[in-house]
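**Student:** take a look and give me a structure for this.
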Amino acid sequence: MTEELKLTPTRPYMIRAFYEWLEDNSLTPYLLVDATQDNLVIPTEHVQNGQIVLNIASQATGNMNIDNNYINFNARFGGVSRELWIPMQAVMALFAKENQSIAMPFDPAEYEDFTPEDPEPTTTTKSTPASKADTIERAKKAGLKILK
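**Tutor:** Numbers count the residues shown, from 1 in each chain. Presented below is the predicted three-dimensional model:
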(Lines give C-alpha, C1' and ligand atoms only; values in the text may rest on other atoms or scores of the structure.)
Protein backbone atom coordinates (compact mmCIF):
# COMPACT_ATOMS: atom_id res chain seq x y z
CA MET A 1 0.00 0.00 0.00
CA THR A 2 1.30 3.38 -0.94
CA GLU A 3 0.15 6.43 0.93
CA GLU A 4 -0.29 9.57 -1.09
CA LEU A 5 2.07 12.28 0.10
CA LYS A 6 0.06 15.34 1.15
CA LEU A 7 2.08 18.51 0.83
CA THR A 8 1.12 21.87 2.21
CA PRO A 9 0.61 24.69 -0.28
CA THR A 10 3.66 26.76 -1.22
CA ARG A 11 1.73 30.06 -1.29
CA PRO A 12 2.41 31.22 2.31
CA TYR A 13 6.13 30.50 1.94
CA MET A 14 6.33 32.32 -1.40
CA ILE A 15 4.39 35.30 -0.02
CA ARG A 16 6.72 35.65 2.99
CA ALA A 17 9.83 35.43 0.80
CA PHE A 18 8.59 37.78 -1.95
CA TYR A 19 7.21 40.27 0.62
CA GLU A 20 10.64 40.43 2.31
CA TRP A 21 12.41 40.81 -1.05
CA LEU A 22 10.08 43.67 -2.09
CA GLU A 23 10.66 45.50 1.18
CA ASP A 24 14.45 44.92 1.04
CA ASN A 25 14.43 46.56 -2.40
CA SER A 26 12.40 49.59 -1.22
CA LEU A 27 9.35 48.53 -3.25
CA THR A 28 5.79 48.77 -1.95
CA PRO A 29 4.13 45.33 -1.63
CA TYR A 30 0.49 45.25 -2.70
CA LEU A 31 -1.79 42.27 -2.23
CA LEU A 32 -4.55 41.37 -4.71
CA VAL A 33 -7.31 39.54 -2.83
CA ASP A 34 -10.37 37.61 -4.02
CA ALA A 35 -13.03 39.30 -1.90
CA THR A 36 -15.59 36.57 -2.65
CA GLN A 37 -13.79 34.00 -0.47
CA ASP A 38 -15.08 32.95 2.95
CA ASN A 39 -13.52 33.94 6.28
CA LEU A 40 -12.28 37.34 5.07
CA VAL A 41 -12.20 40.34 7.34
CA ILE A 42 -11.65 43.27 4.99
CA PRO A 43 -13.06 46.76 4.38
CA THR A 44 -15.87 45.72 2.03
CA GLU A 45 -16.53 49.31 0.99
CA HIS A 46 -13.25 49.18 -0.98
CA VAL A 47 -14.08 45.99 -2.92
CA GLN A 48 -14.34 46.42 -6.69
CA ASN A 49 -15.35 43.66 -9.10
CA GLY A 50 -15.04 41.06 -6.34
CA GLN A 51 -11.43 42.03 -5.58
CA ILE A 52 -9.55 44.32 -3.25
CA VAL A 53 -5.99 45.62 -3.51
CA LEU A 54 -4.23 46.25 -0.20
CA ASN A 55 -0.99 48.06 0.57
CA ILE A 56 0.82 45.70 2.97
CA ALA A 57 4.06 47.67 3.29
CA SER A 58 5.47 47.66 6.81
CA GLN A 59 4.94 51.45 7.09
CA ALA A 60 1.24 51.06 6.12
CA THR A 61 0.40 48.18 8.47
CA GLY A 62 0.75 47.23 12.10
CA ASN A 63 1.12 43.84 13.76
CA MET A 64 1.68 42.08 10.41
CA ASN A 65 1.58 38.30 10.71
CA ILE A 66 1.88 35.97 7.74
CA ASP A 67 1.34 32.40 8.86
CA ASN A 68 0.47 29.33 6.80
CA ASN A 69 -3.30 29.96 6.90
CA TYR A 70 -3.82 33.74 7.13
CA ILE A 71 -2.31 37.15 6.58
CA ASN A 72 -3.37 39.29 9.53
CA PHE A 73 -2.57 42.97 10.13
CA ASN A 74 -3.96 46.31 11.22
CA ALA A 75 -4.39 49.15 8.74
CA ARG A 76 -6.16 52.50 8.59
CA PHE A 77 -9.00 53.20 6.18
CA GLY A 78 -10.39 56.74 6.22
CA GLY A 79 -8.60 57.35 9.51
CA VAL A 80 -10.21 54.31 11.17
CA SER A 81 -7.98 51.46 12.31
CA ARG A 82 -9.15 48.02 11.18
CA GLU A 83 -7.90 44.51 11.82
CA LEU A 84 -7.80 42.51 8.56
CA TRP A 85 -7.72 38.74 8.10
CA ILE A 86 -7.01 37.31 4.65
CA PRO A 87 -7.02 33.52 4.24
CA MET A 88 -4.19 32.26 2.02
CA GLN A 89 -6.58 30.81 -0.54
CA ALA A 90 -7.98 34.33 -1.13
CA VAL A 91 -4.57 35.76 -2.13
CA MET A 92 -4.48 36.09 -5.91
CA ALA A 93 -1.15 37.92 -6.29
CA LEU A 94 1.54 39.94 -4.57
CA PHE A 95 3.09 42.74 -6.61
CA ALA A 96 5.18 45.91 -6.44
CA LYS A 97 3.19 49.14 -6.65
CA GLU A 98 6.03 50.87 -8.48
CA ASN A 99 6.26 48.30 -11.27
CA GLN A 100 3.38 45.85 -11.58
CA SER A 101 5.42 43.62 -13.86
CA ILE A 102 7.28 42.67 -10.67
CA ALA A 103 4.53 40.34 -9.50
CA MET A 104 3.90 36.89 -8.13
CA PRO A 105 0.49 35.54 -9.18
CA PHE A 106 -0.85 32.41 -7.50
CA ASP A 107 -2.65 29.39 -8.92
CA PRO A 108 -6.26 29.46 -7.67
CA ALA A 109 -6.38 25.64 -7.83
CA GLU A 110 -3.61 25.27 -5.23
CA TYR A 111 -6.14 25.15 -2.36
CA GLU A 112 -8.82 22.99 -4.01
CA ASP A 113 -7.97 19.82 -2.05
CA PHE A 114 -6.37 21.43 0.98
CA THR A 115 -8.04 22.08 4.33
CA PRO A 116 -6.02 24.18 6.78
CA GLU A 117 -5.68 22.90 10.34
CA ASP A 118 -7.14 26.13 11.75
CA PRO A 119 -9.67 27.19 9.09
CA GLU A 120 -11.36 30.01 11.05
CA PRO A 121 -9.91 33.43 11.86
CA THR A 122 -10.36 34.94 15.30
CA THR A 123 -12.99 37.26 13.79
CA THR A 124 -15.20 35.90 11.05
CA THR A 125 -17.28 38.86 9.94
CA LYS A 126 -16.55 40.84 6.84
CA SER A 127 -15.08 44.11 7.77
CA THR A 128 -16.84 46.70 9.76
CA PRO A 129 -15.13 49.16 12.05
CA ALA A 130 -14.27 47.59 15.40
CA SER A 131 -17.28 47.61 17.68
CA LYS A 132 -17.14 48.45 21.37
CA ALA A 133 -17.72 44.75 22.15
CA ASP A 134 -14.67 43.81 20.02
CA THR A 135 -12.59 46.47 21.74
CA ILE A 136 -13.68 45.28 25.20
CA GLU A 137 -12.99 41.63 24.24
CA ARG A 138 -9.47 42.54 23.04
CA ALA A 139 -8.87 44.56 26.22
CA LYS A 140 -9.54 41.41 28.28
CA LYS A 141 -6.72 39.54 26.52
CA ALA A 142 -3.20 39.64 27.89
CA GLY A 143 -0.99 42.24 26.28
CA LEU A 144 0.99 45.38 26.78
CA LYS A 145 -0.73 48.55 27.94
CA ILE A 146 0.54 52.10 27.85
CA LEU A 147 0.48 53.55 31.33
CA LYS A 148 0.06 57.29 31.78
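
**Student:** what sits against Leu54?
**Tutor:** By C-beta atoms under 8 Å, 6 or more residues apart in numbering, the contact set of Leu54 is 30-31, 33, 42, 75, 84, 86. To be clear about C-beta, it is placed using only N, CA and C from the backbone, and glycine gets the same treatment.

**Student:** show me where this protein has strands.
**Tutor:** Here the chain has its strands, by DSSP state E, at 29-34, 51-55, 62-66, 70-77, 80-87, 91-96, 103-105.

**Student:** buried residues in the third one?
**Tutor:** Residues of strand 62-66 classed as buried: Ile66 (neighbour count, 16 or more other C-beta atoms under 10 Å).

**Student:** could you do the second one as well?
**Tutor:** Residues of strand 51-55 classed as buried: 52-54 (neighbour count, 16+ other C-beta under 10 Å).

**Student:** ok, how many other residues are close to the residue nearest to Arg76 when sequence neighbours are not counted?
**Tutor:** Nearest residue to Arg76, sequence neighbours excluded (C-beta to C-beta, 6 or more residues apart in numbering): Arg82, at 7.3 Å. Each residue near Arg82 was counted by other C-beta atoms under 10 Å, and the total is 17.
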